[in-house]
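Engineer: Kindly return the folded structure for what I paste below:
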Amino acid sequence: QVQLVESGGGLVQAGGSLRLSCAASGRAFSFVNMGWFRQAPGKEREFVAAIEWRGVSTTYADSAKGRFTISRDNDKKTVYLQMNSLKPEDTAVYYCAGLKTWPSLPFDSWGQGTQVTVSS
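Structural biologist: Below you'll find the predicted structure:
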């Protein structure tokens, strides 16, 4: 089973950037499609971005297109989410997860998440 630890969140002004990291354990990581999700206060968790296991194909929620970039380094067992042009509505706890079904159905196994707060 893959265990996940997210990091890189913080407080940033609107228009700023953050790079999130998700460090995974487990030998299966290199063959698992991975996704980023987020949950804002009072809202359900939602899909943000996904990357297939080879790192060749990616897909994004409409809210992330053109601003966020997902990538991975299988040697480091890490998935990244580069977030640019951040908006207050991006404020949420961000989670990574392995994908049961491409592109946005996750396994029910989550890390602690990392808080992203964007001030206006």
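Engineer: Quick one: residues contacting the nearest residue to residue 26 once chain neighbours are set aside.
Structural biologist: Distance criterion CB to CB, 6 or more residues apart in numbering; nearest residue to residue 26, sequence neighbours excluded, is residue 2 at 4.1 Å. Backbone N, C-alpha and C define where each C-beta goes, glycine included. Residue 2 sits next to 24, 25, 26, 28, 29, 32, 98, 109 when contact means CB atoms under 8 Å, 6 or more residues apart in numbering.
Engineer: Report the buried members of those residues.
Structural biologist: For those, a burial check counting by 16 or more other CB atoms under 10 Å picks out 24, 29, 32, 98.
Engineer: Could you tell me which of the residues you listed are located in strands?
Structural biologist: 24, 98 (DSSP state E).
Engineer: Sort the buried ones among the contacts of residue 2 by pLDDT and name the bottom one.
Structural biologist: Across the set of the buried ones among the contacts of residue 2, residue 29 stands lowest in pLDDT, at 88.
Engineer: Residue nearest the middle of this structure, spatially speaking?
Structural biologist: With distances taken as CA atoms, centre = their mean, residue 36 lies nearest the centre of the chain, 2.6 Å away.
Engineer: mind listing what's buried in the host helix or strand of residue 118?
Structural biologist: Following DSSP states H and E, one finds residue 118 within strand 114-119. Neighbour counts using 16+ other CB under 10 Å place 114, 116, 118 of strand 114-119 among the buried residues.
Engineer: Not counting its neighbours along the chain, what's nearest residue 34?
Structural biologist: Per CB to CB, 6+ apart, closest to residue 34 is residue 79, 4.7 Å.
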